[in-house]
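Trainee: Attaching a predicted model along with its sequence, questions to come.
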Amino acid sequence: MVVKGELLENRVRIFEDWDEVFEDLYYGKEFEDYLELSLVEAMHLADRDEITVEDDDEELSPEELYERFTERDEEFPQKYAVYADLRDRGYIVKSGFKFGAHFRVYPRGVNPYKEGPKEQREHTQWVVHAVPQDENFTYTDVSRAVRLAQNIRATMLWGVVDPEEEVTYYRVEHVTP
């Protein structure tokens with residue numbers, strides 16, 4: 001069954017029949033009356049024909065969605081390329097905003113919402129930041145990202161997107177000699 005979402009600024013909300021999208025596939029953030037999806041989550045689900053998205057009661061094609069999402073977020077193309085690559089590999093991908101990166105990634109087959117004591121809950125494997133191939137960083141930028149990932153016992157990955165939207169991952173770690 002394809003569920004319907006509504007585009008609201010930089011999010012997509014689903015008001016009916018969101019159980020399968022959230023509980024089986026771990027997309028979005030569940031609220032009492034709706035499921036909220038980020039733009040990359042909505043795009044990925046639309047590309048897979050799991051949802052349709054409407055804006056002002058007009059159903060948008062995946063091509064129209066990509067264009068609108070890119071207008072709303074200049075980083076959308078590289079974020080979506082990395083998000084889709086990770087999801088297509090079977091990983092659970094959630095927002096990494098509070099960790100200073102685009103995504104946090106859980107191993108395949110885990111439940112990122114597992115209840116219980118912190119020691120028994122599933123743990124983020126990687127913190128991933130999506131960047132275009134021609135992006136420049138300072139050593140301070142890289143060091144800060146690595147430290148933030150290290151603080152949550154995760155590995156920092158840079159998802160570098162080339163002009164053909166192919167993704168190459170680089171692991172950056174802090175080493176004490």
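Mentor: Noted; the coordinates are in hand. Numbering: from 1, shown residues only.

Trainee: Following the helix or strand bottoming out on mean pLDDT in the chain in sequence, what is the next regular element?
Mentor: Lowest on mean pLDDT, DSSP states H and E among the helices and strands of the chain sits helix 19, with a mean of 81. Once the chain leaves helix 19, the next helix or strand it forms, by DSSP states H and E, is strand 29-30.

Trainee: from the chain's centre, how far out does that next one sit?
Mentor: 14 Å (C-alpha atoms, centre = their mean, to the nearest Å).

Trainee: Tell me how this protein divides into domains.
Mentor: 3-72, 76-172 (automatic domain parsing).

Trainee: For those, could you give me a markdown table that also reports mean neighbour count?
Mentor: Placement of C-beta: from N, CA and C, glycine included. What follows is the domains of the chain, written out as a markdown table (neighbours: other C-beta atoms under 10 Å):
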| stretch | mean neighbour count |
| --- | --- |
| domain 3-72 | 17 |
| domain 76-172 | 16 |
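
Trainee: Mean pLDDT lowest where, among those domains?
Mentor: Least confident of the domains of the chain, judged by mean pLDDT, is domain 76-172 with a mean of 86.

Trainee: quick one: residue 89 and residue 135, what's the gap?
Mentor: 23 Å (C-beta to C-beta, to the nearest Å).

Trainee: what about stretch 84-93, distance to the chain center?
Mentor: That offset, for stretch 84-93, works out to 9 Å (C-alpha atoms, centre = their mean).

Trainee: what's the span of it, first residue to last?
Mentor: 9 Å (C-alpha to C-alpha, to the nearest Å).

Trainee: What lies in contact with it?
Mentor: Contact with stretch 84-93 is made by 26, 40, 43-44, 47, 83, 103-110, 112, 128, 159, 167, as judged by C-beta atoms under 8 Å, 6 or more residues apart in numbering.

Trainee: at 10 Å what do you get?
Mentor: For stretch 84-93, the external contacting residues (C-beta atoms under 10 Å, 6 or more residues apart in numbering) are 25-27, 38, 40-41, 43-45, 47-48, 82-83, 102-113, 122, 124-126, 128, 130, 157, 159, 161, 165-169.
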